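Q: next come a sequence and a model predicted from it.
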Amino acid sequence: MTQVSEGSYIGQNVPRSDGHAKVTGAMVYPSDVIVPGMMYGALLRSPYPHAEILSVDTTEAEKMGAVCLTYKDIEPIKYNERSVSIPAATYRDRTVLPDKARHFGEPLMAVAADTQELAYRAVRAIKVEYKVLPAVFEPEEAMKDGAPQLYDKIYLGDEEVAVHNNIGVIRNISEGDCEAGFAKADRIFQESFELGRIYHNQMETKCAVVKPEPDGSITVWATAQSIHANRQLLGRVLGMPLSRINVIKLPFGGAFGSSIQVNTVTPICAYLALKAGRPVKLVSAREEDFYSHQKYPAKFTVKMGVTNDGLITAAHVTALVDFGAHQVQPLPFLGCTAGWFASLYKYEGNIRFDGTAVYTNKTPCCAMQGYGNPQINFAIESMIDIISNEMGFSPVDLRLKNYRGVGDEFWGQGPTIRSIIKSCGVEQSLVEGRQMTDFDHRERPDTKTGDVRRGLGLARGFHCSGTGGPKEGEVIDYSSALVKINEDGSVDLLTPVTDHGGGTWDALRKICAEVLQVPLDLVGLSPAGTMQIGYDVCTHATRGVYCGGAAVYHVAMKVKEKLLEVAGRLMAEHAYNLEVVRSDGLHQGVVQVKDFPAKSMTIGDIAKQAQNMSWGTIAYTDSYRQRNCPPCFTTHFVEVEVDMRTGVITVPKVLIFGDCGNPMNPDLVKGQLVGSFNRGFGYTVFEQLPTNEATGELANKGLLVDYKTPSAMEMPPIKDVEVILCDTYEPTGPFGAKGIGEAALASVQAAISNAVYNAIGIRFHKLPLTPEAVLAAIREREAQSAGATPS
Amino acid sequence: MNTKHIMKEYDYLKPSGLDEALQILSEKEKVKIYAGGTDLIVKLKMETVPDMDYMMDINGIEELKQVEYTDEGVRIGANRKLWDIETDQRMTSLFPALTDAVKAMAAISVRNLASIGGNFCNASPVADAVGPVMCYGGTLEIASARGVRKVPAKDFFLAPGVTVLEKDEMLTGIFIPTPKGDVGHAFTKMARTKSDIAKLSLCVALARDGGRIGHIAMSMGAVAARPLFLEEISAGLAGKEMSESLAMETGEAVSGFLQPIDDNRTTAVYRKDVTKTMVADALALAWARSGGA
């Protein structure tokens, strides 16, 4: 797509248009929505990890004035909350409310009452008789014969499939010839890695407000990464035509992937509202939200073959994933995990991936900033570090020799979505980072002494920008936009694309302003609902700017075509002889004759004249699919300090390279990279979600006080956090842009762990590296060396 | 559990003077005192306050918020807010371990609300401000309609959440004597993050006698069922010549003495291990601060 014009907003730091409203509290998020006559919902959540519901008595709750909803009130339509994959690649195992509890904290019944307090009291007045069933929490246990079974049968598309030994999905992918690749290698390495569950901890908990309208339709305000996904699922479970469901797009307090699926609370809220005949608002408390969604854990075994000159000749990954009590799409999760693995290095084309995903009586897992990428990246980038150390390679050179770059195939989003890499910041990141950190002169860990030891580590990663490709695959990917020119030269932009807080909406406005050459403040972002605008799959897969922006670009170009045609008629010129330029002096876009700018009209005059002539509004709407899936790359150089006496890891300094193509707003890109470093530091060193296996409850009971994430106090000083954006331009992106959001997290974990190895010479295969885990490893090594040395 | 609402019903009382408050305590059953609410409100939401029919808000009682310095020491009103204590320059110069402990507690917004008396009466084994008061030889002033009694801070705690307070009594003030001589103090804390509850906390207050330790008091938090005053180990150090090896031996001794537990914050093994380093470091720090070489 075309280059940016001189003086373009693209690539410039422009203050966020929503910044003032957000910091002053004026912005309306889903949980701020208040509708006259609204009732408040509350959920009865399972006190057991696995139980049959034998009987329910809602009499007392109803006497209190509550409207009660149980599985008896709902149509038992089976669905998957996540709908970005095509139906034939989607397993369905759940209903709006179940007749069997499959994890602690699972919503079983719901009430609506005039106040939220009354709703919570009414929940307690519901009498439920349970038959408690044995539960299973670990995937290895769940797969054993005789283990408690969560399901007998589920559906894949419309086909009924039996579930054996709780195995939800098996996905094996093989390319090239792994056996031959390993045979060619001089050394074979095999290691295992384990990453536990963590919680998204998005600022706003899951929320929905549903209002039945006088005409029989419903209006929905919900935490949603995709308004259309919400509408389509509601239409299905409520048996309503989509034309009666308007899901309104709102800013929401972050998601990190946890609202790609339709949140569990949303269909429940809709059923409550329809049963009550009144609007209902259902907001999760934080300790409920912990049981709504968690990041996929993973256990990997990685085998790699390497020649003495540093060529990786084959790689084989086995993955075991416990995804909890419902499928929020472990099938594409395994496909993506394979894709991230396969697309990091060339492996001479010899790869094998054996993935198994298993039901357990735990909270369902869903995407969380990377969809398997941070997990497998930790394993692969730790392996690269291990191989470098064992074989004496420079970790920079080993990566430079084997990475996939321009001209290579990338299939991060799974084997069905493949495209060729056209822009790549890997070389710049590795070469500049090596110099800036003096990486080649790192001291070896065995030369370090003292109570506090410093280490320098490196890892690289990426994410896709969207899930498009030359051919359609398992994942739906396109977006829509509507652009119209108003009679004063301002522009209305209507987009279904949601903004998680990364500034996507301003980026889309910039793209529209750049195409039509109008001042940015004249591009208004219209309120959008599913009734007003075409489909967008979801703001997920780091696709907001690259795919959503491409739709805006495509539609704005059509509008520009119409504008020039209308201008041509008014100015007695051929449209092809006209161009648009922005006039900051007139504060207008201007159509002028090429090479003869004296003959010109403002866009406002053109639109007004067209109106006077009754020619109609200059507007266009369409959908657009990106036909590529370019990777956005990141590289992290991290310095750590490890206290040998306490096991405490701190990060004094970090250097981050981000390759997002042409950045829409560089400061926001940098902000995402710094924020994601914080998240990755939490994932690597702080966060864990152990289950109390006696009760099935989380050990922290869903309380943030016992779920620690690093604050600004734990971060390196801001002067020691350096972010460099690579000088790249993605030819298929809107004005050269790719994504960044999920890439920003991918390599943080391995970089920190590799730095810890460089500091103390201990390799960690399991996250998190808590002080307890680090100190235990230090003590174990001391005990070993004491045992090895005769005293 | 539901952290959005307090599901319990209770009456709210706000006495305007201490006598009225003590009268309420003597007349009514099941009264809980609200000072900063940073523990009480949390517990109410978590439904771990079974016996409460009345919430008595003592923020209308000015005398409970006062601080008073004399030659003998300082008397801190039980409802003095942590923020007012940590920003008190005189407090910092006289009792640095106390202000260090307060600064290590929670976030500023919490410290603006929370009172020092609440940190005692909540009787958590983790309470950070308790150790320094014990080590400085502090005394608690306990009042009821029947009169006033004084209890050494180290004798105040009986079990988690349980103190020597009778049902009609309240903590009204904390007296800490001014340390005399070449004194050095240290408060250190290990926590998951900066504004977190302690995995471990430690306080050392010593008076130097030339090259020897004169008087010394040590305490630890988060290692036992109540704030732990290390009376015997401390007594054994008095009169000993200070050295690096003494500091390390003491760390080993304290670690060996502890019987901590695993909880959500850390493990027993970690607590015992890190105690060695913490004690040795804090002892050395307090010694250096006392002017010792």
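A: Noted; the coordinates are in hand. Numbering: from 1, shown residues only, chains lettered A, B, ... in the order given.
Q: what about the closest residue to chain A within the stretch 101-250 of chain B, which helix or strand?
A: Residue nearest to chain A within the stretch 101-250 of chain B (CB to the nearest CB): residue B:194, separated by 3.8 Å. Using the backbone N, CA and C atoms, a C-beta is placed for each residue, glycine as well. Assigned by DSSP states H and E, residue B:194 falls within no helix or strand.
Q: list the contacts for it?
A: A:711, A:713-714 (CB atoms under 8 Å, 6 or more residues apart in numbering or on different chains).
Q: mind checking how far it is from residue B:104?
A: Going from residue B:194 to residue B:104 by CB to CB, to the nearest Å gives 8 Å.
Q: what's the answer for residue B:119, then?
A: Taking CB to CB, one finds residue B:119 at 12 Å from residue B:104.
Q: next: residue A:122.
A: Distance, residue A:122 to residue B:104, by CB to CB: 43 Å.
Q: what's the answer for residue A:99, then?
A: Distance of residue A:99 to residue B:104, computed by CB to CB: 50 Å.
Q: looking at those two, which is more packed in?
A: Shown here are residue A:99 and residue B:104; by other CB atoms under 10 Å in any protein chain shown, residue B:104 has more neighbours (19 against 14).
Q: need the pLDDT of the more buried one.
A: Note on residue B:104: pLDDT of 96.
Q: residue A:4 too?
A: 77.
Q: now do stretch A:265-275: distance to the chain's middle.
A: 26 Å (CA atoms, centre = their mean, to the nearest Å).
Q: and what of stretch A:74-88?
A: So, by CA atoms, centre = their mean, the centroid of stretch A:74-88 is 20 Å from its chain's centroid.
Q: give me the mean pLDDT for it.
A: So the average pLDDT for stretch A:74-88 ends up being 96.
Q: got the end-to-end distance for it?
A: Using CA to CA, to the nearest Å, the gap from the first to the last residue of stretch A:74-88 comes to 25 Å.
Q: which parts of it are buried?
A: Along stretch A:74-88, these residues count as buried under the neighbour rule (16 or more other CB atoms under 10 Å in any protein chain shown): A:74, A:79-85.
Q: which of the residues you listed sits closest to residue A:512?
A: Distance ranking of the buried residues of stretch A:74-88 against residue A:512, using CB to CB, places residue A:84 first at 25.1 Å.
Q: ok, the closest one - contacts?
A: By CB under 8 Å, 6+ apart, the contact list for residue A:84 reads A:226, A:229, A:260, A:329, A:332, A:467, A:475-476, A:537-538, A:540-541.
Q: ok, residue A:764 next?
A: A:753, A:756-757, A:773-774, A:777.
Q: mind listing the strands the lengthiest strand in chain B pairs with, and their directions?
A: Secondary structure assigned by DSSP state E gives strand B:198-209 as the longest strand of chain B. The pairing partners recorded for strand B:198-209 under DSSP bridges are strand B:182-191 (antiparallel), strand B:212-221 (antiparallel).
Q: the first one: how far from the chain's middle?
A: Mean C-alpha position of strand B:182-191 versus that of the full chain (CA atoms, centre = their mean) differs by 13 Å.
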